[in-house]
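In: here you go, sequence then predicted model.
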Amino acid sequence: MLVDLLIILGTILLVFIAVLTGMAYLTYFERKVLARMQSRIGPNRTGPLGLLQPVADGVKLLTKEGSLPAKADKAVFLIAPVMVFVPALLAWAAIPFGPGFTAFGRQIGMRIADLNVGLIYILAMGSIGVYGIVMAGWASNNKYALLGGLRSSAQVISYEATLGLSLIGVLLMAGSLNLSEIVAAQQGTYFGLIPRWFVLPQILGFAVFLVSAIAETNRPPFDLPEAESELVAGFHVEYGGFGFAMFFLAEYISMLAISALASTVFLGGWLGPSIPLLPDALEGIFWFSAKMAIFIFFYFWLRATLPRFRYDQLMSLCWKIMLPVALLNIVLTGIIKLAL
Amino acid sequence: MDILSALFLLFAAVALGAAVMVLVARNPVHSVLFMLLTFVNVAAMFVLLGAEFLAVIQVLVYSGAILVLFLFVVMLLQRSERPLPTVAQPLQLPVALFVGAALAVEITLVVLLAAVDQGRKGRDTVQAIQQAGGNVEALGQQLYTTWLLPFEIASVLLLVATVGALFLAKEEL
């Protein structure tokens, strides 16, 4: 009993540390990638290759003075960053990192909780995250912030619908909401060569998922809630210091989480060719991280390439293109599933 | 008292407290946020009952979608504090008290007489749900066999509501 509890606490601590470190180096990775794409060098002064840059950034943000606007709604203003940060972290509870292993006669799963509703749990946490943004926008008592908050709520609700619908095809194929079982359903190969990952049969769903995920995490080219050129940073314009840091971190954590979800659901999670001399558990983590890195790079690539969408373009893209395609995908998957 | 009962009491107390604050809060935006707190605590109680699916759907649909729209509208409508409530009709107070008391008695009776026993002795026990393969499967089975007609009628009703909303919003269509 006590050992079980300790294992659970240990897993939570490990995931927590891994996510926070990953998130910190994500900012470094983003700056390096963006710099290369724009023919610059990027951070290279703090430590070797600039590797200590995230630490320096962290210290700077932590020691800066936070400010409270005079006419802000104090309580809501202070709770808002927490309301963005906590759901972003909570989403990690359901994500499986590997197949699990046996140590000292005990089966240890490489995840915090083996939820039988894991998939919708992650979507639910994503849908809670929007409150923080809306609350921040409203409580700041600033018209730019309010506009950012309103945009965010409309955008996230719209793309949540397509995000959820794009995953229904996967549900039909895997027959489970449990993320470990969804990964297990992707085992094996077609013709002994192509892996049976859901990205191939669910290519339409995958396309809709990818676009919706970027809109859901408020990343460029869909970062309208914080559009700096028209809303001067939108919903978090009044935040400085640690409050700003929490919005910033939450965005990167949800980016990581949605990449983890995409790798799990469409790219076969921890599955991959076996690597000699590496234990199964570490191999799982390696493939899982490698697949996540692809999505993360895609995020940065888009940011460096595409200009920001206009708000009406964003909305019509969602309701007039993404939604019909997602519905078509469900119907097609259903027909194929029945025919086979 | 075991840990589950303690957790239940905690969630129930927060949910009730937040529900009262929804009514009492002077600022409508605060009311919506307290309503969010109520919804999330109700979801937590669903988890304690072993109904994870219902809990997650509660968060996803009610907290994540419907309440965000409430917040959206309330934020846009007004930014001034709500005036103190005044009783417009002399009859309002006695009628409200009577209806409220009747509702409270009804809920108490239903809970005490039927629901508790039904839950323990009815078909959908914890064991039965386990046997069906978890509560997602059990719920799906029920919805698509026993309750298929009400389920389909509800979905048609939602479709009608969507079309109606579209018609009201875009009259030139």
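Out: Sure, I can see it.
In: contact partners for A:Ala215?
Out: A:Gln155, A:Val156, A:Ser158, A:Tyr159, A:Phe222, A:Leu314, A:Cys318 (CB atoms under 8 Å, 6 or more residues apart in numbering or on different chains). C-beta coordinates here come from the backbone N, C-alpha and C atoms, glycine included.
In: which among those gets closest to A:Gly47?
Out: Among the contacts of A:Ala215, A:Phe222 lies closest to A:Gly47 (CB to CB), at 33.3 Å.
In: for B:Val40, see how far away the residue of the stretch 51-200 of chain A found nearest chain B is.
Out: Of all residues in the stretch 51-200 of chain A, A:Ser127 sits closest to chain B, at 2.6 Å by CB to the nearest CB. According to CB to CB, to the nearest Å, A:Ser127 stands 12 Å off from B:Val40.
In: quick one, what contacts A:Trp138?
Out: Contacts of A:Trp138 (CB under 8 Å, 6+ apart): A:Asp73, A:Val76, A:Ala145, A:Leu146, A:Gly149, B:Val29, B:Met75.
In: among these, which two are most distant?
Out: Among the contacts of A:Trp138, A:Ala145 and B:Val29 lie farthest apart (CB to CB), at 13.7 Å.
In: follow-up on the earlier one: who has more neighbours out of A:Ser127 and B:Val40?
Out: Neighbours were counted for A:Ser127 and for B:Val40 using other CB atoms under 10 Å in any protein chain shown; A:Ser127 has more, 25 against 20.
In: not counting sequence-adjacent ones, nearest residue to that one?
Out: Leaving aside its chain neighbours, A:Ser127 sits nearest to B:Gly64 (2.6 Å; criterion: CB to CB, 6 or more residues apart in numbering or on different chains).
In: joint contacts of A:Ser127 and B:Val40?
Out: B:Val59, B:Ser63.
In: residues from chain A in reach of chain B?
Out: A:73, A:76, A:115-117, A:120-121, A:123-128, A:130-131, A:134-135, A:138, A:146, A:149-150, A:153-154, A:156-157, A:160, A:177 (CB under 8 Å from any CB of the partner chain).
In: 6 Å instead?
Out: A:116-117, A:120-121, A:123-124, A:127-128, A:130, A:134, A:138, A:153, A:157, A:177 (CB under 6 Å from any CB of the partner chain).
In: low-confidence ranges, chain B, go.
Out: B:1, B:78-88, B:114-126, B:132-133, B:171-173 (pLDDT under 70).
In: where does the residue nearest to A:Gln202 when sequence neighbours are not counted land on pLDDT?
Out: Nearest residue to A:Gln202, sequence neighbours excluded (CB to CB, 6+ apart): A:Gly169, at 4.8 Å. Listed pLDDT for A:Gly169 reads 86.
In: in a strand, A:Gly169, correct?
Out: No. Checked against DSSP: H, G, I helix; E, B strand; the rest coil, A:Gly169 lies outside a strand; its state is helix.
In: burial count for it?
Out: Counted with other CB under 10 Å, A:Gly169 comes out at 28.
In: and B:Gln131, by the same measure?
Out: Residues within reach of B:Gln131, counting by other CB under 10 Å, total 11.
In: any idea which element it lies in?
Out: B:Gln131 belongs to helix B:126-132 when assigned by DSSP states H and E.
In: so what touches the following helix or strand past that helix?
Out: Counting by DSSP H and E, the element after helix B:126-132 in chain order, helix or strand, is helix B:135-144. Residues from elsewhere that reach helix B:135-144 (CB atoms under 6 Å, 6 or more residues apart in numbering or on different chains): A:Leu177, B:Ala51, B:Phe53, B:Ile129, B:Ala132, B:Phe151.
In: so which of those residues wins on neighbours?
Out: Counting by other CB under 10 Å, top hit in the contacts of helix B:135-144: A:Leu177 with 24 neighbours.
In: mind checking the SS state of A:Pro96?
Out: A:Pro96 falls in the coil class when you classify it by three-state DSSP.
In: give me the pLDDT value at the closest residue in space to A:Ser263 that isn't next to it in sequence.
Out: Leaving aside its sequence neighbours, A:Ser263 sits nearest to A:Lys291 (CB to CB, 6+ apart; 3.7 Å). Looking at A:Lys291, its pLDDT reads 87.
In: and for the residue of chain B found nearest chain A, the neighbour number?
Out: Nearest residue of chain B to chain A (CB to the nearest CB) works out as B:Gly64 at 2.6 Å. Other residues within reach of B:Gly64, judged by other CB under 10 Å, total 26.
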